[in-house]
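**Student:** Pasting a predicted model and its sequence here:
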Amino acid sequence: PTSETAMYPVFRSWIRSHRDLPLNVYQIVNTFRYETKTTRPFLRVREIHFFEEHTCQVDEAAAGARVEANLATFDAIARALALPYIALRRPEWDKFPGAYYSIGLDIPLGGARTLQIGTVHHYRENFSRPYGIDYEDPQGVQRPVHQTTFGLSERLLGAVVAVHGDRNGVVFPSAIAPYQ
């Protein structure tokens, strides 16, 4: 996820009441990075296409439930694509800046190598407070929302090729195979 600074000021204008929650926004966004290493199609590219979900929830429990729902969604995708994966809570030094916690979705590639193809972040109130994203609860008290993000990229396609391919080509999982 990369669009926090662009989206969150808009969220402030969309959310007024607890009746406006939860707010779930999905987008596809292009991100560019100056890549000095050798690029590889779908794995290390200069233009990344992120598929992002940004949410605002009424409290920490609802945000935690959204994180679990995102993990279940990714599990369904990974099963359909026959991709083994590891969902790991990142240590402090590796979490998204400002996140309460981050979970990386990694595909083992052999040896000690993995390919991170997605992340889920729970922000608590760490972004809503500075951005002023508040709602009025049923008792009329203003409260900050709790936020989450879930993001995947086209690395998912690279993982399919890396896991199901070899020198002879790729045997696609039946869910995406053009021919059965």
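**Tutor:** Done, it's in. Predicted model only: the values in this text are computed from it and were never measured.

**Student:** elements contacting the longest helix that the chain contains?
**Tutor:** Ranked by residue count under DSSP state H, the longest helix found in the chain is helix 60-80. Under the contact criterion of 3 or more C-beta pairs under 8 Å, 6 or more residues apart in numbering; DSSP states H and E, helix 60-80 touches strand 47-57, strand 101-110, strand 113-124, strand 146-153. C-beta here means a position set from N, CA and C on the backbone, and glycine is covered the same way.

**Student:** Give the buried residues for the first one.
**Tutor:** Which is strand 47-57. Buried positions in strand 47-57, judged by neighbour count with 16 or more other C-beta atoms under 10 Å: 48, 50-57.

**Student:** Same check on the third one?
**Tutor:** Residues of strand 113-124 classed as buried by neighbour count (16+ other C-beta under 10 Å): 114-124.

**Student:** what's the answer for stretch 6-23, then?
**Tutor:** Those would be 7-8, 11-12, 15, 18, 21-23, for stretch 6-23 by 16+ other C-beta under 10 Å.

**Student:** residues in contact with it?
**Tutor:** 25, 54-58, 62, 66, 127-128, 131-138, 145 (C-beta atoms under 8 Å, 6 or more residues apart in numbering).

**Student:** hang on, the earlier thing: with the buried residues of strand 113-124 in mind, which one is nearest to residue 175?
**Tutor:** residue 117 (16.2 Å; C-beta to C-beta).
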